[in-house]
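Peer 1: Sequence and predicted structure are below.
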Amino acid sequence: MKMQSNFLCALTLFMTASFGMLHAQDNNVNTEFGVKGGFNMSNLYQSEADDNNVIYGFNAGVYATLPVSDFIAIQPEILFTTKGAELDYNNAFVDGNAKFKLNYIEVPLLVRVNITKNFNVHAGGYASYLVSSKVTGDGDINFDDTVDTDDLNKFDAGLAAGIGVDFSPISVGLRYNYGLTTVGKERTVAGTTYTFPDAKNSNLTLYLSYKLN
């Protein structure tokens, strides 16, 4: 999504400018264990994602924050997250929309930097495993079909970056995931090799976390 790309560029510039401020702030990182969940805006992209194809979903799971210095920590997470895309169609024959839904178990591994005591930026990567998928349609043609995960790439990986604001024990944040692997699996039919769907995951999430310790 274009807004997601702009968010990622702005975050990168902000992280670079912020390192000079770190030692002047009361920004100690503490060990944390907690639960989190959020609202997803997902899409599939090839060269770039189209904002018109956003599908809405959620994520939920657990996290830990493990300090490696006064203001830097490693933050692993385990999440259940929904992704996919939506397509509206309108022609002389049919009118409606179709939703391609992908459900993953996702493991982000992030470097978290506390810019101030209550504000952090984080970046890293994620790996995920596809547990289920389906296609649904509403309109002139209604359908609800499960997609065999063996027909898709079960593993996904990509980059992640975001910002967070802490109101201990509650935190809120915004994160963008940029997929690097195609959702579809490469296959050969009649001597022709192709990948379908030849697209990658894109996901923007607004999350809420709760510290348990």
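Peer 2: In hand now; what should we look at? Everything numeric in this text was worked out from a predicted model, so none of it was measured.

Peer 1: ok, which stretches of this protein are helices?
Peer 2: 2-18 (DSSP state H).

Peer 1: Pass me the low-pLDDT residue ranges in it, would you?
Peer 2: For the chain, the stretches with pLDDT under 70 are 1-27, 48-52, 89-94, 139-141, 188-191, 193-194, 196.

Peer 1: same thing but 90
Peer 2: For the chain, the stretches with pLDDT under 90 are 1-30, 46-53, 70, 86-99, 117, 135-151, 168, 184-198.

Peer 1: Please enumerate the strands of this protein.
Peer 2: 32-45, 55-67, 72-90, 95-114, 119-139, 143-146, 155-167, 170-182, 185-189, 192-196, 200-211 (DSSP state E).

Peer 1: Would you mind giving those strands as CSV with mean neighbour count added?
Peer 2: Every C-beta, even on glycine, is put in place using the N, C-alpha and C of the backbone. Converted to CSV, the strands of the chain look like this (neighbours: other Cβ atoms under 10 Å):
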stretch, mean neighbour count
strand 32-45, 19
strand 55-67, 17
strand 72-90, 18
strand 95-114, 19
strand 119-139, 17
strand 143-146, 10
strand 155-167, 17
strand 170-182, 19
strand 185-189, 10
strand 192-196, 10
strand 200-211, 21
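
Peer 1: gap between the nearest residue to Phe100 once chain neighbours are set aside and Val54?
Peer 2: Excluding the flanking residues, the one nearest Phe100 by Cβ to Cβ, 6 or more residues apart in numbering is Gly84, at 4.7 Å. Note on Gly84: its distance to Val54, by Cβ to Cβ, to the nearest Å, is 10 Å.
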